[in-house]
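1. next come a sequence and a model predicted from it.
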Amino acid sequence: MPTYVYECEQGHRFELFHSISDDAPKRCPECGSEAKRVPSGGAGLLFKGSGFYITDYRSKGYKESAKQEGGGSGDKPASPSPPAAPGGAAESKPAKPEGGGSTKPEKS
């Protein structure tokens, strides 16, 4: 059964727990005057824990095969970085030709 919010003519607000088909007039518990039902904000809805998504009910075999296909939980180590240059120097660039000329062959 739902809980309804009522307000009397004097401005008192209260809640009543009754059937939806109950049509009896409601009276304020403080002053005894007639009360009318008012819209309420409702209750907040919280989703906590597992069980709210379809993937929460997958079989153990399905989860294990998904991990093997590469969509796993990150259990694989990161790929190793390339080896450092000897002496700790940065990678060198190829030398430019002497004379400051172009590397393109000249046309005859």
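-> Everything's here; your move.

2. quick check: which ranges of this protein have low pLDDT?
-> 42-46, 49-56, 71-108 (pLDDT under 70).

3. can you show me the strands along the chain?
-> Taking DSSP state E as the criterion, the chain carries its strands at 3-8, 13-17, 26-27, 34-38.

4. wait, which of these is closest to Tyr62?
-> Nearest of the strands of the chain to Tyr62, taken as CB to CB: strand 3-8 at 42.0 Å. C-betas here are computed from N, CA, C, even on glycine.

5. list the buried ones in the closest one?
-> Residues 4, 6, 8 are the ones in strand 3-8 that count as buried (16 or more other CB atoms under 10 Å).

6. the first one against Ser40, yeah?
-> Spelled out, it's Tyr4. Yes - shown here, Tyr4 and Ser40 form a contact pair, counting by CB atoms under 8 Å, at 7.4 Å.

7. for the buried residues of strand 3-8, which one is nearest Phe14?
-> Tyr6 (5.7 Å).

8. how about Pro2: what's its closest non-neighbour residue?
-> In this structure, Pro2 finds its nearest non-sequential neighbour in Ile20, 6.5 Å apart by CB to CB, 6 or more residues apart in numbering.

9. include distance to Ser65 when you put the strands of the chain into JSON lines, please.
-> Converted to JSON lines, these look like this (distance: least, CB to CB, whole Å):
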{"stretch": "strand 3-8", "distance to Ser65": "48"}
{"stretch": "strand 13-17", "distance to Ser65": "50"}
{"stretch": "strand 26-27", "distance to Ser65": "59"}
{"stretch": "strand 34-38", "distance to Ser65": "55"}
